[in-house]
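Chemist: Return atomic coordinates for the entry below.
(chains A and B)
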Amino acid sequence: MLSEAASGEALLRRAETRRRWSLAMPALIVISLFSILPLAVMVVYSFLTPGTYGNVEWQFSLDGWFSVIFERDLFDDTLGLADAHLSILGRSALLALATTALTMVFGLPTAWFIATRPVASRAYWMFLITVPFWTNLLVRTIAIQEVIRADGTINRLLLGLGVIDAPIQMMFTNGAVLLGMTYVYLPLMVLPVYAAIEKFDFRLAEAAYDLHASRFYCLRRVIFPLIRPGVIAGSILVFIPALGAYVTPRLMGGGRAMMWGNLIDLQFGQGRNWPLGAALSVSLTLLVMIALVLSVRRFAGGGRADG
Amino acid sequence: MLEIKSLSKTFGAGVAAYHALRSVDVTVEDGEFFTLLGPSGCGKTTLLRLIAGFEQPTGGQLVLDGQDIAAIPPSRRPVNTVFQSYALFPHMTVAQNVAFGLEARGTPARDVAARVEEVLQLVQMDHLRDRKSAALSGGQQQRVALARALAPRPRILLLDEPLSALDLKLRKEMQAELKRLQREMGLTFIFVTHDQDEALTMSDRIAVMEGGRLQQVAAPRDLYDHPANRFVAGFIGETNLLPGEAGNGQLRLAGLAPAPIAEAGAESGAVTVMIRPEHVVVGQEAANAVHTSGRVDELIFFGTDTHVKLSLPGGGSLTARTQNSLHSGTHLTEGQTVPLSLPYEALRILPDEAAHAV
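Modeler: Numbering: from 1, shown residues only, chains lettered A, B, ... in the order given. Here you go, the predicted model:
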């Protein structure tokens, strides 16, 4: 009797497990098709031999991965570190960090402003924030070019007002790249931070003021710790695509300062070295993954102690 | 001493203007347990928020110890608040919450630790000092909120319906404890509630509010025995309101013998007469009382006493309360007609405009 009941129960449990898997199937198929499969292709390609006119030859090779870190001297064939790759990586990371910092500087007040509007008008402000998403990234970037180029809006305005005698060189500078990046990624910071601020219980701020906190003290001790998850989410959303950014640095920087994304593009284009391009891509993914795991672990740990 | 002088607060303007507070005048004495009592929307919370500094008055003055504090921001007022929602900082421990007000003022760390320890012991929460505030029960959160507001040694402690979220038993306990703490510390409490029992048991004085106005400010006993108007009579405790006529030191209840009452001289014409249910004598004709009779419509048993719903011969109804002690011998049954006595000294004339009985 008892064992019969137990086996019946096990059967039921198995049926339940099957049912859950079948319910999850559509999602699993989508994830495999559009996320795992392309990644797998990249990983496989990174271990193959480059074809003469691009593409790959199906022959195992570690050259792609080897070239990510090392390079052979053109003349004496000695082995050295691929300094160029490292400095490009460093520049990309720096740009991504600076972009994250700037989107934070502009995004936090923006999100605060929207979250403190009356409920009815918040949707309107959020709508304005998402408007740039309706336009292609390329078009948006070219639009900023139009504003800052030598005979663009700003220079013509300043010249017309007589503030300057000759146009200021703004295009193709690091500042231009940073401006473009900040503009493009700002909404990705605003949205999660807005969500966090909107959830913030403003009675807590009132309690802080009641307990003799200045505005800044309240911001530092009460508001910021409680909206921090939103800020972290925003930073991750901005930092990761900014690290591999390709269009904006190219158009705003004029291709003079190469980023990791441009380097990858180069291997798949003129460089005709797909395995190296694939290896560069996969290494970026790995770096981001490691950074993410580390930061999540750190912030989650901090969360237990203080947040 | 906190003097509230013709304090007004209007939200919005023009047609949409909402007068939350209409020229309130009252003085709160030092060391007093002062309660603001009224139904929701009466302006009691607005008054508390004005004292805390979260709202700016649109008229009048707030004078604390001779100084007008209306323009001082909440962070620099010597008052602290226990919030209805407690508003504990969820990312901090109990001790960090309590230390907040001291640290925000730049108190040296050693003094902070000592004071935190002191107030946590005061509210018997020192054993949970390292617990996250989100992991506390409602009653514990209430104690921490109290400790946090007490830590910076406020001149006045403001309490915004602090007990309303607790269950009945815990609420009774906390009422007693709050009263004890207040008495021991000699601190001025301004306590907001809509619960009349809470107000009656805890307060030194109660300000009854309605429609943004003070209706009456008095000690609990006076408020109960001598309500200033129909609103106060109806809001505090249960009451019977009867139509009557007054004049020449005589009070005449509809269809009954006149009663000689001194205060009747002050009023003339139609008045409303109040008598509390516990003063109505059921089943006998007492001396110095207006005599009538009533039919018992309903008996509601409340343990220590029974509520007797009666209908009067001339129409109208009356509620009486009879003690259920061993020596109160009357046994009533529904449908029975019994003699009733309304003692002269229990009859109160309410100087109110409306003369229609409830």
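Chemist: give the contact list for residue A:178.
Modeler: A:95, A:98, A:99, A:102 (C-beta atoms under 8 Å, 6 or more residues apart in numbering or on different chains). (Each C-beta comes from the backbone N, C-alpha and C, glycine too.)
Chemist: can you list contacts of stretch A:196-205?
Modeler: A:111-112, A:115-116, A:122, A:218, A:222-223, A:226-231, A:233, B:83, B:85, B:87, B:89-90.
Chemist: Tell me the one of the contacts of residue A:178 nearest chain B?
Modeler: residue A:102 (27.0 Å; C-beta to the nearest C-beta).
Chemist: returning to that earlier point: going through the contacts of residue A:178, which ones are buried?
Modeler: A:95, A:98, A:99, A:102 (16 or more other C-beta atoms under 10 Å in any protein chain shown).
Chemist: Sort out for me which of those residues are in helices.
Modeler: A:95, A:98, A:99, A:102 (DSSP state H).
Chemist: Filter the contacts of stretch A:196-205 down to just the ones in helices.
Modeler: A:111, A:112, A:115, A:122, A:218, A:226, A:227, A:228, A:229, A:230, A:231, A:233.
Chemist: Now render those as TSV, adding pLDDT and neighbour count.
Modeler: Conversion of these to TSV gives the following (pLDDT from 0 to 100; neighbours: other C-beta atoms under 10 Å in any protein chain shown):
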residue	pLDDT	neighbour count
A:111	94	27
A:112	94	17
A:115	92	20
A:122	91	15
A:218	96	21
A:226	94	20
A:227	94	25
A:228	92	18
A:229	91	18
A:230	93	22
A:231	94	19
A:233	92	17
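Chemist: near chain B, from those?
Modeler: When contact is defined as C-beta under 8 Å from any C-beta of the partner chain, the ones in helices among the contacts of stretch A:196-205 meet chain B at residue A:226.
Chemist: In chain A, where is pLDDT below threshold?
Modeler: A:1-5, A:73-74, A:255, A:300-307 (pLDDT under 70).
Chemist: Could you pick out the residues of it near chain B for me?
Modeler: Checking chain A against chain B by C-beta under 8 Å from any C-beta, the hits are A:201, A:203-204, A:206-214, A:217, A:221-222, A:225-226, A:306-307.
Chemist: Quick one: buried ones out of the residues you listed?
Modeler: By 16+ other C-beta under 10 Å, the residues of chain A next to chain B give A:204, A:206-213, A:217, A:221-222, A:225-226, A:307 as buried.
Chemist: Correct me if wrong: residue B:144 contacts residue B:90.
Modeler: No - at 11.7 Å, residue B:144 does not count as touching residue B:90 under the criterion of C-beta atoms under 8 Å.
Chemist: Find the residues that touch each one of the two.
Modeler: In contact with both residue B:144 and residue B:90: residue B:133, using C-beta under 8 Å, 6+ apart.
Chemist: Which one's more surrounded, the two?
Modeler: residue B:144 (26 against 16; other C-beta atoms under 10 Å in any protein chain shown).
Chemist: And the more buried one, how far from chain A?
Modeler: 12 Å (C-beta to the nearest C-beta, to the nearest Å).
Chemist: repeat for residue B:240
Modeler: 42 Å.
Chemist: do residue B:173 as well
Modeler: 24 Å.
Chemist: what about residue B:56, how many residues close to it?
Modeler: 10.
Chemist: That one: what's its closest spatial neighbour, skipping adjacent residues?
Modeler: Using C-beta to C-beta, 6 or more residues apart in numbering or on different chains and skipping the chain neighbours, the partner closest in space to residue B:56 is residue B:70 (7.2 Å).
Chemist: show me the contacts for that neighbour.
Modeler: Residue B:70 neighbours (C-beta under 8 Å, 6+ apart): B:56, B:57, B:61, B:62.
Chemist: ok so, going back, distance to residue B:252 for the ones in helices among the buried ones among the contacts of residue A:178 - can I get that in TSV?
Modeler: Converted to TSV, these look like this (distance: C-beta to C-beta, whole Å):
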residue	distance to residue B:252
A:95	94
A:98	90
A:99	88
A:102	85
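Chemist: Run through the residues that contact residue 103.
Modeler: If you meant another chain, say so; for now it's chain A. Taking C-beta under 8 Å, 6+ apart, one finds A:182, A:185, A:186, A:188, A:189, A:234, A:238 in contact with residue A:103.
Chemist: Correction: the question concerned chain B.
Modeler: residue B:112.
Chemist: quick one: residue B:157 is in a strand?
Modeler: Yes - counting by DSSP: H, G, I helix; E, B strand; the rest coil, residue B:157 is part of a strand.
Chemist: neighbours around it, how many?
Modeler: Using other C-beta under 10 Å: residue B:157 sits among 23 other residues.
Chemist: go on, residue A:132?
Modeler: Residue A:132: 15 neighbours (other C-beta under 10 Å).
Chemist: Quick check: it touching residue A:187?
Modeler: Yes - counting by C-beta under 8 Å, residue A:132 touches residue A:187, with 6.4 Å between them.
Chemist: where do the helices sit along the chain?
Modeler: Just going to use chain A. Per DSSP H, chain A carries helices over the ranges A:2-31, A:37-45, A:63-69, A:83-115, A:119-130, A:137-148, A:153-161, A:174-199, A:202-210, A:215-218, A:224-243, A:247-253, A:260-268, A:274-306.
Chemist: um, chain B though
Modeler: Going by DSSP H, chain B shows helices at B:44-52, B:94-104, B:109-122, B:138-150, B:168-185, B:196-202, B:220-225, B:230-235.
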